[in-house]
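Student: no letters, just coordinates:
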């Protein structure tokens, strides 16, 4: 009886392991989220941006001064002001590195002021 129980547990563990996303798939999904950020920003799709940015988003930037951004709503508003200042703004992701649940991106922002 114990042998049958062990087999069932082992089979359950193998199935659970087989169903879990691989680490590579998880890293690619995280990188795709960063790519998506660039796409929705370039399209000025603020509704889609609000869907991929967390409610408690915090912006840390030394590139642009201004009031601190401490929510998703404030971040969307900031992106809207950037579009007013640079109507042809573009985010171009050039390189990405992912490890664990973090993604570092080298990107350029361009536009006519």
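Tutor: Sure, I can see it. Remember, predicted model here, so these are calculated numbers, not experimental data. Numbers count the residues shown, from 1 in each chain.
Student: hmm, which helix or strand of the chain has the shakiest average pLDDT?
Tutor: Within the chain, confidence by mean pLDDT, DSSP states H and E is lowest for helix 2-19 among all helices and strands, at a mean of 41.
Student: what's in contact with the next helix or strand after that one?
Tutor: As assigned by DSSP states H and E, the chain's next helix or strand after helix 2-19 is helix 23-42. Helix 23-42 is touched from outside by 21, 48-49, 52-53, 79, 89-93, 96, 98-99, 101-103, 105, 107, with contacts defined as Cβ atoms under 8 Å, 6 or more residues apart in numbering. For glycine as for every other residue, the C-beta is placed from the backbone atoms N, C-alpha and C.
Student: and with 6 Å instead?
Tutor: Applying Cβ atoms under 6 Å, 6 or more residues apart in numbering, the contact partners of helix 23-42 are 48-49, 52, 90-91, 93, 96, 98, 103, 105.
Student: what two of those are the furthest from one another?
Tutor: Farthest pair in the contacts of helix 23-42 (Cβ to Cβ) is 90 and 98. Separation: 22.7 Å.
Student: quick one, which of those two is more surrounded?
Tutor: Higher neighbour count among residue 90 and residue 98: residue 98, with 18 against 13, using other Cβ atoms under 10 Å.
Student: which SSE is that one in?
Tutor: strand 90-99.
Student: repeat for residue 77
Tutor: Using DSSP H and E, residue 77 falls in helix 72-85.
Student: which strands and helices sit next to that helix?
Tutor: helix 46-52 (3 or more Cβ pairs under 6 Å, 6 or more residues apart in numbering; DSSP states H and E).
Student: with that, I have no additional questions.
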